[in-house]
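>>> sequence-free structure coming up:
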């Protein structure tokens, strides 16, 4: 089950003209479902504030630290791979409730670990919730959105993710200030970093509660033989003027005609997979290998490693999250106006320059008797370049890759190809996350040279292989 499948399955017929009688209610339903995206962003980024405290609390090196940080990605991959089948068996709402329970358990367990392996386990549990939310949210929103508003409502998920990232950094900064700038400072009997991880209980419980007041997907209800309930939901979200019998028949026909693609359908070409599948994998991998998640997982640690005090480093993590939101809004405005390829090229060029400047600035880092510092000019350049990098990523690859992956594959292989591309993305994400602490210890500037090289290589990749999908119907993708 994917959002693109849901959209293509129900985008035809008279339903396209449907306008809900109560648009505000539809927006509420969408926002409630997008809370999963908020938790996705929040949980992915909140660990940023606890990295150095975890290193100190458990007295571990960079290798072990990286494994703990990256442990969530194992759960992400499992959750994303199984969410569709779970949702098809028990419904989208029940799947959301399971994700909310996992988020809640992970927040409590991560805040109160008694050993390093225990913390890593709860990170995996939270990752499973992230993986489920990353699949269920977009699919549910696509299935309950009136066709006339589907594109705009679908953007709620991405917006919720970047807002979740920003809020996690703001909360971390606030907690650090309450602890007088000490990540291990005590607040109410717990260390500051424990509060950072534990506060996620609040949005997790809210997500779970909201899932009890929104309707089940009409698509699932029809598949479960509950057509009467499906009609009520369709009337609620698409308006009383819709021919409900025709809409139910339309969805039933679309579900019967769907081809459930498998990985066997992806075979072909000289290298074992169809060329378009390799392009999808390339997009996913390049999106991660430019090092974007270093900013979201390690930025506080990164700035402290070049001599910036903890309180300021947390503030800079928050400001990069705000830049991320701004860039995402820019992408949402322009992706349909100037096209996917031009936007991706603009982003690649901007990222390559920004990362190159970061690499240059970090080469001036000095460590004299444990006192780490950078010259003022290079420090300013590093801060500006890191923020510019996030801006160019957010206004291009952060959104464009997901748009392209949803559009570029032929209908007969779309679900399986999306699954493989998403798996490649999680693997690349894990690789970057698990290697950065060691690379940083070896040579921080060298790490950013590597990310710069990948940003540069993405330019010919886009020019030569990536198709432009702007203005094309899904059925044209062959």
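Looks like it came in fine. Since the structure is predicted, the reported quantities are computational estimates derived from the model, not experimental observations.

>>> how about the helices in the stretch 351-478 of the chain?
Assigned by DSSP state H, counting those that start in this stretch, the helices in the stretch 351-478 of the chain fall at 376-394, 397-407, 414-465.

>>> so which elements touch the first one?
So that's helix 376-394. In this structure, helix 376-394 makes packing contacts with helix 292-305, helix 310-334, helix 340-362, judged by 3 or more CB pairs under 8 Å, 6 or more residues apart in numbering; DSSP states H and E. (Glycine included, C-beta is placed from N, CA and C.)

>>> from the chain's centre, how far out does it sit?
Using CA atoms, centre = their mean, to the nearest Å, the distance from the centre of helix 376-394 to the centre of the chain it belongs to is 22 Å.

>>> tell me the buried residues in that helix?
Buried positions in helix 376-394, judged by neighbour count with 16 or more other CB atoms under 10 Å: 378-379, 381-383, 385-394.

>>> re earlier: worst average pLDDT in the helices and strands packed on helix 376-394?
Averaging pLDDT over each of these singles out helix 292-305 as the lowest, with a mean of 82.

>>> so which other helices or strands are in contact with that one?
helix 23-46, helix 51-58, helix 310-334, helix 376-394, helix 414-465.

>>> most neighbours per residue, which of those helices?
Most buried of the helices and strands packed on helix 292-305, by mean neighbour count (mean count of other CB atoms under 10 Å): helix 23-46, with a mean of 23.

>>> count the residues that sit near the nearest residue to residue 144 once chain neighbours are set aside.
With CB to CB, 6 or more residues apart in numbering as the measure, residue 237 is the residue that lies nearest to residue 144, at 5.3 Å, once sequence neighbours are left out. Residues lying near residue 237 (other CB atoms under 10 Å) number 24.

>>> residue 237 and residue 231: what is the separation?
From residue 237 across to residue 231, the span is 11 Å (CB to CB, to the nearest Å).

>>> tell me, what's touching the two both at once?
residue 218 (CB atoms under 8 Å, 6 or more residues apart in numbering).

>>> circling back: I'd like the helices and strands packed on helix 292-305 laid out as TSV, including distance to residue 110.
As requested, the helices and strands packed on helix 292-305 are arranged in TSV below (distance: least, CB to CB, whole Å):
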stretch	distance to residue 110
helix 23-46	9
helix 51-58	10
helix 310-334	18
helix 376-394	25
helix 414-465	16
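
>>> and residue 103, which of those helices is closest to it?
helix 23-46 (5.2 Å; CB to CB).

>>> run the chain-centre distance for the closest one.
Here helix 23-46 shows a centroid-to-chain-centroid distance of 12 Å under the convention CA atoms, centre = their mean.

>>> how about stretch 107-124?
Centroid displacement of stretch 107-124 relative to its chain, using CA atoms, centre = their mean, is 22 Å.

>>> one step back: among the buried residues of helix 376-394, which two are most distant?
The widest separation within the buried residues of helix 376-394, taken as CB to CB, falls between 378 and 394 and amounts to 24.5 Å.
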